[in-house]
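[1] fold the following.
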Amino acid sequence: MKLIIVESPTKARTLARFLGKDYSIEATTGHIKDLPKSILGVDIEKNFKPQFDPVPKRLRTIEDIKASAKKANQIYLATDPDREGEAIAQHVYEVLRSNGKLQMPNDKIKRITFHEITKEAVEEAIANPKKVDKNLVDAQIARRVLDRLVGYKLSPLLWRKVRRGLSAGRVQTVVVKLIVEREREREAFKSQEYWEIYVEVEAKSKKKFTVRLIKIQDKNAEVNNAQTAKSVTERLKGADYKVLSIDKREVRKNPYPPFTTSTMTQAGARIFAWSARRTMSIAQRLYEEGLITYHRTDSTNIANQAVDRVRKYIKENYGENYLPETPMFYKTKSKVAQEAHEAVRPTNLKVVKTDEDGKYAKDMETLYSLIWKRFIACQMASSVYDETTIDVLALRQAQGKQIDYLLRVSGQVMKFDGWTRLRLGFAGQGKESIPLPDVVKDEKLDLIKVDPQQKFTEPPARYNEASLIKTLEKLGIGRPSTYAPIISTIQLRNYVEKDEEKFKPTLVGIAVNDFLVGNFSDVFEYQFTAGMEENLDEVANGKIKWEKSIGAFWSPFEKILKKVTKNSKRVKIETEKLGRKCPECKKGDLVIRIGRFGKFISCSNFPDCKHTEKLIQKTGIKCPDCKKGDVIIKNSKKGRKFFGCSRYPECNWASWRKPAKVTLQSQESTQD
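    Numbers count the residues shown, from 1 in each chain. Now for the predicted structure:
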């Protein structure tokens with residue numbers, strides 16, 4: 001009997017479908033060893049030696065694995081092909097080797113990896129076993145130790161200097177910093193007025209089109225106030241118009257690369273308004289069911305066999321004109337795309353949609369369809385457009401001199417749809433073609449109307465899930481497996497919240513950010529954080545020892561920690577005032593505070609006055625079930641937001657999904 005050990009029960013069931021009766025499969029159900037929760041678990045004096053203990057709730061699992069190992073003549077550690085999976089494999093190895101009764105020789109335990117859960121991939125992995133990669137394990141140990149040192153040393157400091165119950169994290173603090181800095185950019189932003197002036201003209205063919213003013217007397221048209229706009233508009237009304245030039249060219253638009261973790265989670269946020277955690281959770285299920293390749297990757301590489309299969313599929317199903325002469329290759333932007341060797345793609349192109357049942361079936365089909373289309377499209381021919389740009393010259397005599405105005409319009413007409421035939425729904429795709437009339441140089445045009453439009457510059461947009469992940473990837477902060485948990489953590493800790501699907505820092509988040517960034521500026525600087533990630537990659541590549549990497553960080557950090565602990569002042573968290581007097585003490589103003597279960601209302605004179613109220617956030621729509629109550633935003637016990645009926649428990653309607661056309665209109669309170 002051969003034993004295969006994986007992390008997930010779902011993964012185990014998928015393997016069981018095509019592996020024969022000669023194989024037994026056990027699942028660790030995650031980590032079986034970890035640093036203890038109650039203590040630091042890192043011996044700083046002994047070169048940062050970590051204390052990895054069996055996870056209490058995995059003790060039964062460990063015993064089951066040991067029992068199965070006794071019956072096996074060969075054991076394969078088949079955990080996920082990344083650093084975390086390598087660490088789990090190492091811990092399983094340690095558990096099995098530590099049991100002297102098994103008398104298990106080294107060659108009885110082998111490490112195998114595969115990036116897709118298919119019969120072919122697993123059989124190839126079994127035929128080519130290897131040892132646990134010590135460098136990858138060390139990189140995971142380094143990350144775990146580093147995060148434990150920062151979290152366990154800074155969190156007590158936050159309790160003393162800011163508020164009890166707060167916690168800090170190495171990367172999460174930098175992410176909060178990004179969101180706080182963006183909010184302050186918005187607050188400091190001063191909107192500027194500007195005008196865009198459009199002119200509708202008619203060609204000899206009696207076809208109308210609209211051009212935009214771009215230059216006045218060979219200088220960029222800068223119309224910054226109503227008076228100037230009115231003057232320019234009046235002059236354009238009396239001008240003579242003619243075609244200055246026509247530029248026609250063929251434009252090709254190449255397909256997008258196949259998905260990486262980052263681009264997949266960005267697409268999930270942009271197209272479906274999904275959180276990164278939700279997208280990754282669904283992708284995990286698809287991977288474990290054997291439907292897609294490993295979903296934690298920053299590589300756009302595609303295996304040669306997969307390229308051959310998709311090119312054959314395109315030719316057979318769409319025709320030769322949709323197939324490029326040579327395969328499409330994409331350059332991986334990430335500097336360290338080595339943990340997974342392929343992009344996210346379907347394992348079997350003939351499976352166009354999933355055949356799953358249950359709670360997540362619809363979401364699985366939605367994401368799978370997107371991954372399938374993206375992969376097919378990445379090897380299809382470019383879409384082709386005829387692009388026409390028409391420059392129009394407007395001449396006007398004013399105060400004895402001639403003033404010339406340059407106006408322009410561009411339009412595209414699709415000649416060949418290429419990869420866009422799959423209708424992926426990405427930014428810039430699916431726009432209507434803009435056909436322009438056939439005109440000739442120097443052709444006179446008739447003025448129909450002048451349309452001046454007042455506009456104002458807007459502040460930089462708040463981050464949403466997609467733009468935040470894109471920024472983290474660009475800065476080199478975090479890795480594919482960390483994006484979703486980081487974003488979830490800063491929300492659960494009430495450091496940031498979502499306002500119309502965009503991140504906004506809470507007052508607690510601002511206070512924590514200002515304290516940590518103000519006192520540990522070097523530690524939470526973007527380049528320093530990215531540099532630590534690069535150090536971990538150096539450990540993974542076997543170029544430096546993990547203890548050296550941690551030591552270089554700890555020495556200066558410890559000095560700053562002692563100094564800040566001794567000298568820093570306690571931070572006061574600002575509160576949001578509601579403008580109403582406390583109904584109990586009649587002295588304070590009611591304020592909004594943030595507790596462990598989210599926002600609530602209390603008296604500003606707390607703790608002298610202990611009056612509290614629930615904070616009800618209305619969405620502006622009625623309950624879709626009872627039609628009487630209001631749909632309000634609530635928090636689960638774990639701090640996750642959901643929607644429910646205000647008439648609970650009379651009405652039990654609740655949903656994780658944001659109802660359509662929700663606008664946060666008001667905040668009202670009801671006394672407990």
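
[2] where does pLDDT dip in the protein?
    99-106, 333-340, 424-433, 596-598, 637-640, 658-672 (pLDDT under 70).

[3] show me the domain layout of it.
    Domain assignment for the chain by automatic domain parsing gives 2-132, 142-188+462-567, 193-254+384-456, 261-381, 576-671.

[4] columns mean neighbour count on top of these, output as CSV?
    The C-beta positions use only the backbone N, C-alpha and C, and glycine is treated the same way. Below are the domains of the chain laid out as CSV (neighbours: other Cβ atoms under 10 Å):
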stretch, mean neighbour count
domain 2-132, 17
domain 142-188+462-567, 19
domain 193-254+384-456, 15
domain 261-381, 19
domain 576-671, 15
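
[5] could you work out the end-to-end span of stretch 162-170 for me?
    18 Å (Cα to Cα, to the nearest Å).

[6] check the offset of that stretch from the chain's centre.
    Computed by Cα atoms, centre = their mean, to the nearest Å, the chain-centroid distance of stretch 162-170 equals 24 Å.

[7] one more: stretch 544-556?
    Distance of stretch 544-556 from the chain centroid (Cα atoms, centre = their mean) equals 29 Å.

[8] please apply the same query to stretch 391-403.
    How far stretch 391-403 lies from its chain's middle: 51 Å, per Cα atoms, centre = their mean.

[9] before we move on, what about stretch 524-539?
    20 Å.

[10] using PDB, write out every CA atom in that stretch.
    Extracted C-alpha coordinates of stretch 524-539, given in PDB (Å, rounded to 0.1, in the frame of the first residue of the first chain):
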ATOM      1  CA  PHE A 524       7.100  50.300   7.600                       C
ATOM      2  CA  GLU A 525       8.700  52.100   4.600                       C
ATOM      3  CA  TYR A 526       7.600  50.600   1.300                       C
ATOM      4  CA  GLN A 527      11.000  49.800  -0.100                       C
ATOM      5  CA  PHE A 528      12.100  48.300   3.200                       C
ATOM      6  CA  THR A 529       9.100  46.000   3.300                       C
ATOM      7  CA  ALA A 530       9.700  45.000  -0.400                       C
ATOM      8  CA  GLY A 531      13.400  44.400   0.500                       C
ATOM      9  CA  MET A 532      12.400  42.000   3.200                       C
ATOM     10  CA  GLU A 533      10.300  40.100   0.700                       C
ATOM     11  CA  GLU A 534      13.400  39.900  -1.600                       C
ATOM     12  CA  ASN A 535      15.500  38.600   1.300                       C
ATOM     13  CA  LEU A 536      12.900  35.900   1.900                       C
ATOM     14  CA  ASP A 537      13.200  35.000  -1.800                       C
ATOM     15  CA  GLU A 538      17.000  34.900  -1.400                       C
ATOM     16  CA  VAL A 539      16.500  32.400   1.400                       C
END
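
[11] list of residues touching that stretch?
    135, 138-139, 142-143, 146, 170-171, 173-174, 177, 335-336, 338, 475-479, 516-517, 522, 544-546, 549, 552-553 (Cβ atoms under 8 Å, 6 or more residues apart in numbering).

[12] narrow those residues to those in helices?
    135, 138-139, 142-143, 146, 170-171, 173-174, 177, 475, 516-517, 546, 549, 552-553 (DSSP state H).

[13] all the helices of the stretch 251-400 of the chain, residue numbers only.
    All helices of the stretch 251-400 of the chain, identified by DSSP state H, counting those that start in this stretch, fall at 261-272, 276-288, 304-318, 361-378.

[14] so which of those gets nearest Lys415?
    helix 304-318 (16.5 Å; Cβ to Cβ).

[15] so which of the helices of the stretch 251-400 of the chain gets nearest Gly579?
    helix 261-272 (35.3 Å).

[16] what angle separates the closest one from helix 276-288?
    For helix 261-272 against helix 276-288, the angle by axes from the mean of the first three to the mean of the last three Cα atoms, to 10 degrees is 110 degrees.

[17] tilt between helix 261-272 and helix 361-378?
    120 degrees.

[18] nearest residue to the middle of the chain?
    Ile469 (3.8 Å; Cα atoms, centre = their mean).

[19] what's the helix or strand for that residue?
    helix 465-475 (DSSP states H and E).

[20] now do the very next helix or strand once past that helix: which elements does it pack against?
    Next helix or strand after helix 465-475 toward the C-terminus (DSSP H and E): helix 483-492. Counting contacts by 3 or more Cβ pairs under 8 Å, 6 or more residues apart in numbering; DSSP states H and E, helix 483-492 is packed against helix 170-188, helix 261-272, helix 276-288, helix 465-475, strand 496-499.

[21] got the ones you listed as JSON lines, with distance to Asn304 columns?
    Output for the helices and strands packed on helix 483-492, formatted as JSON lines (distance: least, Cβ to Cβ, whole Å):
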{"stretch": "helix 170-188", "distance to Asn304": "36"}
{"stretch": "helix 261-272", "distance to Asn304": "22"}
{"stretch": "helix 276-288", "distance to Asn304": "21"}
{"stretch": "helix 465-475", "distance to Asn304": "27"}
{"stretch": "strand 496-499", "distance to Asn304": "43"}
